[in-house]
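coordinates only, no sequence provided:
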């Protein structure tokens with residue numbers, strides 16, 4: 001029997017039809033979820049929730065027979081993982097007891113020292129001098145974007161070109177700057 005035929009049988013109350021569907025798709029769906037979340041316990045939870053949502057949708061006649069059943073299940077699983085990850089991103093706060101004290105005393109978390117400021121200034125000056133080697137349109141876009149903090153739309157308006165042209169000039173400018181940094185052996189790592 002096809003997946004669609006089994007779905008129709010399950011929709012009409014034949015529970016064994018869903019058991020067959022589950023058997024056909026559980027390994028693939030579970031593997032996909034595990035690939036996304038990288039944790040077997042979490043993957044099991046998502047797997048069960050995926051099939052729970054499928055059951056509810058089928059029983060409430062919300063399953064559309066267009067497309068493959070397996071693709072529909074994958075979409076449910078994928079959306080579930082994405083939704084839960086968004087929830088956890090917005091609700092996640094770090095508590096003091098979750099972080100080792102050494103991590104909180106890291107120099108990377110403290111304000112920049114005078115030495116860091118000098119190094120940062122030297123890097124900016126090195127890059128500023130490299131801009132002189134760029135063709136004028138490329139140099140213009142870099143200065144407007146990184147030093148004047150203009151958007152690409154604003155750059156396009158001020159230079160009289162399209163946004164795509166501005167983006168292209170920036171792309172080539174960055175490629176050329178990387179080459180110049182390598183040629184002149186300038187270290188930008190601090």
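On my side now, so go ahead. Please read these numbers as outputs of a predicted model, since none were measured by experiment.

use CA for all of it now, contacts and neighbours both
OK.

number of residues surrounding residue 132?
For residue 132, the tally of surrounding residues (other C-alpha atoms under 10 Å) stands at 10.

before we move on, what about the one 5 residues further on?
With neighbours defined by other C-alpha under 10 Å, the count for residue 137 comes to 14.

what's near enough to touch it?
Listed by C-alpha atoms under 8 Å, 6 or more residues apart in numbering, the contact partners of residue 137 are residue 169.

tell me which helix or strand it sits in.
Applying DSSP states H and E as the criterion places residue 137 in helix 136-142.

quick check: mean pLDDT of that helix?
The pLDDT scores in helix 136-142 average 86.

list the buried residues in it.
For helix 136-142, the neighbour count (16 or more other C-alpha atoms under 10 Å) marks 138-142 as buried.

can you give the distance of it from its chain's centre?
How far helix 136-142 lies from its chain's middle: 30 Å, per C-alpha atoms, centre = their mean, to the nearest Å.

mind checking the SS state of the residue nearest in space to the middle of the chain?
For the chain, the residue nearest the mean C-alpha position is residue 82 (10.7 Å; C-alpha atoms, centre = their mean). Here residue 82 takes the helix state, with states given by DSSP: H, G, I helix; E, B strand; the rest coil.

roughly how far apart are it and residue 59?
Here the criterion is C-alpha to C-alpha, to the nearest Å. By it, residue 82 lies 24 Å from residue 59.

how is the chain carved up into domains?
Domain assignment of the chain by automatic domain parsing yields the ranges 3-91, 114-183.

would you single out the least confident of those?
Mean pLDDT per stretch puts domain 114-183 lowest among these, at a mean of 81.

tell me the one of the buried residues of helix 136-142 nearest residue 123?
The shortest approach to residue 123 among the buried residues of helix 136-142 belongs to residue 142, at 15.4 Å (C-alpha to C-alpha).

which residue packs closest to the closest one, ignoring adjacent ones?
Excluding its sequence neighbours, the residue lying closest to residue 142 (C-alpha to C-alpha, 6 or more residues apart in numbering) is residue 170, at 6.3 Å.

what's the burial count for the one you found?
With other C-alpha under 10 Å as criterion, residue 170 counts 20.

fine by me, we can end here.
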